[in-house]
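1. could you look at this predicted model? Sequence included:
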Amino acid sequence: MRSYWALARGSFMVGLVYRFGFLFSILGNIIYLGVAYYLWRSIYQGAETLRGLTFNETYLYVALGSTVFILLKTYADWEIAYEIREGIIAVHLTKPLDLQLLMLAYSLGATLMNLAAITLPTVLILTLVFKVSIPLGLGLALFPLSLLLALLISFCFDYFVGLLAFYIDSNWGISMTKEIIITVLSGALIPLQFFPAGLQAVLRWLPFQAIYHTPLMLVTRPDQGWETFLPMLGVQATWAVVLVVLTRLFYGQAIKVLRIAGG
Amino acid sequence: MSLIHIQDLSKHFKILNRRQGLGGAFRDLFSGDYRTVRAVDGIALDIQPGEIVGYIGPNGAGKSTTIKMMTGILKPTAGTITVNGQVPYANRIRQAQIMGVVFGQRTQLWWDLPVIESFKILKEIYRVDQATFDRHMEVFEKLVGLKELYSQQVRTLSLGQRMLCDISASFLHNPQVVFLDEPTIGLDVSIKAKIRSVVSELNRVRGTTIILTTHDLGDVEALCRRIIILDKGKILFDGPTKKVTSLFGAYRTLKLQIDDFDDTTLSSLREKLAGRFGRDHGVTVASIEELWTDVTIDQARTPLSDVLNFIMKTFPVFDVRIVEISMEKVVQQVYEGALG
Ligand SMILES: Nc1ncnc2c1ncn2[C@@H]1O[C@H](COP(=O)(O)OP(=O)(O)OP(=O)(O)O)[C@@H](O)[C@H]1O
Ligand SMILES: [Mg+2]
């Protein structure tokens, strides 16, 4: 495990090298926060609640959603495709490392970097500038755990699409499709409560909502008890385990057809 | 017992014959027109602990493919291969612990981080304890003397510096065998010499087995007692380097640029050389690169200076280079039975 921790640390440090990029991420976030604020203000039009959510809850969900989005995008699909195209994957495979854990470690390091460099500043701006109050409660305490499970699920999707590059020359199209599906169906942009009831019922059975909707609802509605939160986390954990197992099985197949470019 | 044992080993790639243009690319999506490349085609070899073996051959011979199979990252199409008694492909992660690898064209160091950070990460990956790590770093410092580079970002290193760091890194965990795939590619003579001395020192001190691929026969001559020549996936020669160098060491190639070069130049050059030095004169003429005419001379039979003088008098030569015999030429000669 220490070896993967060292890799995560390395990827965190690579993030530091590119620290100036974060300024732009934060700037972009602020603009988004402003736009979303006025958009949702006009949707609420003074209404107390919509679909059972107050303006503050919805806005907190949407605003936090944009920074959580940056945390949970792992780019493992791009990374693997790039490494296969350039033949760099060979270097990784000559190390006594498991490819999935290696990629996960990289993702974790980058996520921690983004947490410190983008999410925390954005949350500060959110509370100080936009005067959004973050309610306290059990949900908030469970949020980090939920976020970790969400990262694992999100990573599995990216890793799976990455492994597809073992078979096809370019996984770009699939990558984009995955991006859109997850962004829309996970509730990353809009709380799922605003979706039509029929669609909501379907989405409840898919893994996507476990990526964004679950952790974001924990923060938006933290003042509930274990009887609400335990099933939510249980579903997340189940998806995480299922997807990790499935991608591991898929790796066993994919590695057989890997051809390494160049040299 | 051999450290590496290879029997009837083959790797075949099925390649899609791509059609041209956009329409062609589109049709490729639906119908495959495949051809098989026999990158490695039934080779057998045994390597003993502590050997340095030169694994050479022209471009596309199958050297890198063999190395990828020995390191367990490619699955052989057929045949057996064991390293230290284990099948590399079946035990990739465990086997990686006893191997070090340098692919000359890529780096195992973290591009964006200072050199020393890569060594620290590798230390954790291979579970090298602190005392061993310190001792090895000291050895590298003595041999390579790169301490002043440790705080420098890998991307800012020169190719030669990076290669020296990469080679050191591949020895960090004291592997039983190190694969060096073209570690001297694109480097100048002085850095090459340094790399040779570092590799030979590490082999001597640690007894590490080393498999070296290169296009420079000089590397092999300086480092390897044994040479394996590969071409088109087959082993042409496996034996003492001396045997090869004593045959080819005397060869030099004159590279000439001749004014008004045309279709008849080569044949007329051949005629005139044969007329002057006789048929069995150890002088052959070929044109491999555009504009350049290669005259290869076996100095044991005909002095180079005589040939050069003769050509300069007879032909309007405006540029001359003298180079050691090329890999392609060696392979061609081996085919023609030179090592028979
Ligand atoms: N991933 C791949 N897919 C298809 N063909 C491949 C692949 N890798 C190698 N080949 C083919 O296999 C043959 C051997 O390649 P290999 O890289 O082993 O040669 P090499 O001896 O290392 O050559 P070089 O000296 O140029 O590095 C070549 O014809 C190459 O085109
Ligand atoms: Mg090669």
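-> Structure received. Ligands and ions are numbered 1, 2, ... in the order given.
2. buried residues in stretch A:98-116?
-> Neighbour-count burial for stretch A:98-116, counted by 16 or more other CB atoms under 10 Å in any protein chain shown, picks out A:98-100, A:102-115. Glycine gets a C-beta too; all of them are placed from N, C-alpha and C.
3. how about the contacts made by residue A:251?
-> Contacts for residue A:251 (CB atoms under 8 Å, 6 or more residues apart in numbering or on different chains) come out as A:99-100, A:163.
4. show me the helices in the stretch 201-340 of chain B, by range?
-> Under the criterion DSSP state H, counting those that start in this stretch, the stretch 201-340 of chain B contains helices at B:217-223, B:241-248, B:263-277, B:304-314, B:327-335.
5. low-scoring stretches of the stretch 151-263 of chain A, by residue?
-> For the stretch 151-263 of chain A, the stretches flagged by pLDDT under 70 are A:261-263.
6. of the contacts of residue A:251, closest to chain B?
-> residue A:99 (9.7 Å; CB to the nearest CB).
7. distance to chain B added to the contacts of residue A:251, as TSV?
-> Shown next, in TSV, are those (distance: CB to the nearest CB, whole Å):
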residue	distance to chain B
A:99	10
A:100	12
A:163	15
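8. what's the closest of the residues you listed to residue B:166?
-> residue A:99 (21.1 Å; CB to CB).
9. doesn't residue A:93 make contact with the closest one?
-> Yes: at 7.2 Å, residue A:99 counts as touching residue A:93 under the criterion of CB atoms under 8 Å.
10. top helix in chain A by residue count?
-> Scanning chain A for the longest helix, with DSSP state H as the assignment, gives helix A:226-257.
11. OK, contacts around residue 200?
-> Using chain A. Neighbouring residues of residue A:200 by CB under 8 Å, 6+ apart: A:192-193.
12. wait, I meant chain B there
-> By CB under 8 Å, 6+ apart, residue B:200 lies in contact with B:52, B:222-223.
13. rank these by pLDDT and give me only the lowest.
-> Among these, residue B:222 has the lowest pLDDT, at 89.
14. if we ignore the residues flanking it in sequence, what's nearest that residue?
-> Spatially, and ignoring its direct neighbours in sequence, residue B:222 is nearest to residue B:196 (4.7 Å; CB to CB, 6 or more residues apart in numbering or on different chains).
15. A strand includes the one you found, no?
-> No: using DSSP: H, G, I helix; E, B strand; the rest coil, the assignment for residue B:196 is helix, not a strand.
16. could you point out which of the contacts of residue B:200 is nearest to residue B:284?
-> Using CB to CB, residue B:222 is the member of these that sits closest to residue B:284, with 26.5 Å.
17. for the closest one, grab the count of nearby residues.
-> When neighbours are counted by other CB atoms under 10 Å in any protein chain shown, residue B:222 registers 18.
18. buried residues in the helix or strand encompassing residue B:54?
-> Assigned by DSSP states H and E, residue B:54 belongs to strand B:52-56. If you call a residue buried by 16+ other CB under 10 Å, then strand B:52-56 has these buried ones: B:52-56.
19. same list (those residues) but as TSV, adding distance to ligand 2.
-> Below are the buried residues of strand B:52-56 laid out as TSV (distance: CB to the ion, whole Å):
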residue	distance to ligand 2
B:52	18
B:53	15
B:54	14
B:55	10
B:56	11
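20. which one of those residues is nearest residue A:210?
-> Closest approach between the buried residues of strand B:52-56 and residue A:210, by CB to CB: residue B:55, at 50.6 Å.
21. thought the closest one was touching residue B:230?
-> Yes: counting by CB under 8 Å, residue B:55 touches residue B:230, with 6.7 Å between them.
22. any common contacting residues for these two?
-> Taking CB under 8 Å, 6+ apart as the contact rule, residue B:55 and residue B:230 both touch B:63, B:66.
23. what stretches of the stretch 101-250 of chain B score poorly on pLDDT?
-> Within the stretch 101-250 of chain B, the ranges that satisfy pLDDT under 70 run B:249.
24. got the domain ranges for chain B?
-> Listed domain ranges for chain B are B:44-247, B:250-324 (source: automatic domain parsing).
25. turn those into a markdown table, including distance to residue A:201.
-> Shown next, in a markdown table, are these (distance: least, CB to CB, whole Å):
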| stretch | distance to residue A:201 |
| --- | --- |
| domain B:44-247 | 44 |
| domain B:250-324 | 70 |
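26. and of these, who's closest to residue A:43?
-> Proximity to residue A:43 (CB to CB) singles out domain B:44-247 among the domains of chain B, at 43.0 Å.
27. as a check, name the ranges of all strands in the chain.
-> If you meant another chain, say so; for now it's chain A. Applying DSSP state E to chain A gives strands spanning A:49-50, A:53-54.
28. hmm, no, I was thinking of chain B.
-> Applying DSSP E to chain B gives strands spanning B:4-16, B:34-47, B:52-56, B:78-83, B:99-103, B:177-181, B:209-213, B:226-231, B:234-240, B:251-258, B:283-286, B:293-298, B:317-324.
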